[in-house]
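K.L.:
return a 3D structure for these sequence lines:
(one chain, ligands or ions: 2)
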Amino acid sequence: MPIQNAVVIGAGQMGSGIAQTLLQYGYNVALVDIADAPLERGRSAIEAGLARLTAKGRLTETAQTEALQRFTTTTDLPLAVRDSDIVIEAAPEHIATKQATFKKLDASCPSHTILATNTSSLPITSIASVTQRADRVIGMHFMNPVPIMPLVEIIRGLATSDETCDTVRALAESLGKTAVEVKDFPGFVSNRVLMPMINEAVYAVYEGVAEPEAIDTVLKLGMNHPMGPLTLADFIGLDTCLAIMETLYEGFGDSKYRPCPLLRQYVQAGWLGRKSGRGFYSYNSS
Ligand SMILES: CC(=O)CC(=O)SCCNC(=O)CCNC(=O)[C@H](O)C(C)(C)COP(=O)(O)OP(=O)(O)OC[C@H]1O[C@@H](n2cnc3c(N)ncnc32)[C@H](O)[C@@H]1OP(=O)(O)O
Ligand SMILES: NC(=O)C1=CN([C@@H]2O[C@H](COP(=O)(O)OP(=O)(O)OC[C@H]3O[C@@H](n4cnc5c(N)ncnc54)[C@H](OP(=O)(O)O)[C@@H]3O)[C@@H](O)[C@H]2O)C=CC1
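P.N.:
Ligands and ions are numbered 1, 2, ... in the order given. Prediction:
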């Protein structure tokens, strides 16, 4: 069945980026969160992102208006998913939250609806196991910032069907993205490779090897990374970085993935990076 109606769960940076991109490419989108404040922030981010595209001549004013006409926000999950073809979940990176959400989705969605998760690292098979439709559960992992980054990592759970995989690949391609399919192992490919580098950069701060600015400059100018690893960690969110390292550590049982104590301490302090105004750097609240 062709996808027309998409629901995005979680109005944070990823959920709003995914919703914006779906709107840009003609889909009907309902954005769901547990409270009104994140929905309002999500709507503002989407409106600003679309306006930015229009200002650059990449979207006509008519297309911008039409995109916003296809957009709704709500805290009522069962109502939002009633006519959904796909749900893309982008709630925080905790297995209990994801499983509780998927249980609710399974009970409320039509039988044909695909349930996708944007998880960075958690087992798709385990998320699918709480539903009665494991063949229609899949990992659809967008990169941040979603409107710009051209990759979607697609992760099959043990029971994901070829049909689900093909539909999700086609959806990603319809959004102008390149889809790469990988197996269901902790952190998949993206975060199995990226996050240990970020964690190692945090260790370099912890051990006093250099200041954050110096570490970032080495990677930016020495390796041509667009952002240094600590700037990137702040951008991703330190809570998310820690959650991913925990998943790698638990999933592989290998000490090379142990999260840096400094990363844990920053998260305990509420220093989550850009989204909280402070991480390895300070940000003006806006
Ligand atoms: C943790 C996980 O599970 C997985 C992950 O996502 S890991 C993180 C992956 N992401 C990265 O590694 C990002 C690394 N950083 C970068 O690539 C770059 O720094 C960046 C793309 C984020 C910003 O690039 P930049 O050139 O410094 O910023 P900026 O000039 O503001 O934006 C680049 C373009 O995107 C556009 N843009 C930015 N935000 C936008 C939005 N929300 N909507 C539409 N367009 C947007 C800008 O208008 C700009 O367009 P032009 O090229 O036409 O000027
Ligand atoms: N940040 C990144 O660079 C990337 C993140 N991801 C993944 O995407 C997911 C979301 O990350 P990100 O957008 O950064 O996180 P954010 O913290 O920015 O956003 C999460 C949103 O979900 C809301 N929320 C909390 N609990 C629930 C729930 N039970 N149901 C619905 N919404 C809920 C939060 O509300 P409140 O703030 O009120 O708690 C918040 O608005 C995670 O799984 C993460 O690993 C994937 C790729 C890149």
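K.L.:
okay, CA-based contacts and neighbour counts for the rest of this
P.N.:
Noted.
K.L.:
beta partners for Val137?
P.N.:
Taking DSSP bridges as the rule, Val137 bridges to Leu115.
K.L.:
what residues does the closest residue to ligand 2 within the stretch 151-286 of the chain make contact with?
P.N.:
Residue nearest to ligand 2 within the stretch 151-286 of the chain (C-alpha to the nearest ligand atom): Ile236, separated by 3.6 Å. Contacts for Ile236 (C-alpha atoms under 8 Å, 6 or more residues apart in numbering) come out as Asn144, Gly273.
K.L.:
phi, psi of it?
P.N.:
Phi and psi for Ile236, reported as degrees, to the nearest 10, are phi -70, psi -40.
K.L.:
could I get the full set of helices for the stretch 151-286 of the chain?
P.N.:
Ranges of helices within the stretch 151-286 of the chain are 162-174, 190-206, 212-223, 229-236, 238-252, 261-268, based on DSSP state H, counting those that start in this stretch.
K.L.:
how about the longest one as PDB, C-alpha atoms only?
P.N.:
In this case it means helix 190-206. Extracted C-alpha coordinates of helix 190-206, given in PDB (Å, rounded to 0.1, in the frame of the first residue of the first chain):
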ATOM      1  CA  SER A 190      26.600   4.400  12.100                       C
ATOM      2  CA  ASN A 191      26.900   4.600  15.900                       C
ATOM      3  CA  ARG A 192      29.200   1.500  16.300                       C
ATOM      4  CA  VAL A 193      31.800   3.500  14.400                       C
ATOM      5  CA  LEU A 194      30.900   7.200  15.300                       C
ATOM      6  CA  MET A 195      30.100   6.900  19.000                       C
ATOM      7  CA  PRO A 196      33.400   5.300  20.200                       C
ATOM      8  CA  MET A 197      35.200   8.200  18.500                       C
ATOM      9  CA  ILE A 198      33.100  10.700  20.400                       C
ATOM     10  CA  ASN A 199      33.500   8.800  23.600                       C
ATOM     11  CA  GLU A 200      37.300   8.700  23.100                       C
ATOM     12  CA  ALA A 201      37.300  12.500  22.600                       C
ATOM     13  CA  VAL A 202      35.400  12.800  25.900                       C
ATOM     14  CA  TYR A 203      38.200  10.600  27.500                       C
ATOM     15  CA  ALA A 204      40.800  13.000  26.100                       C
ATOM     16  CA  VAL A 205      39.000  15.900  28.000                       C
ATOM     17  CA  TYR A 206      38.600  13.700  31.100                       C
END
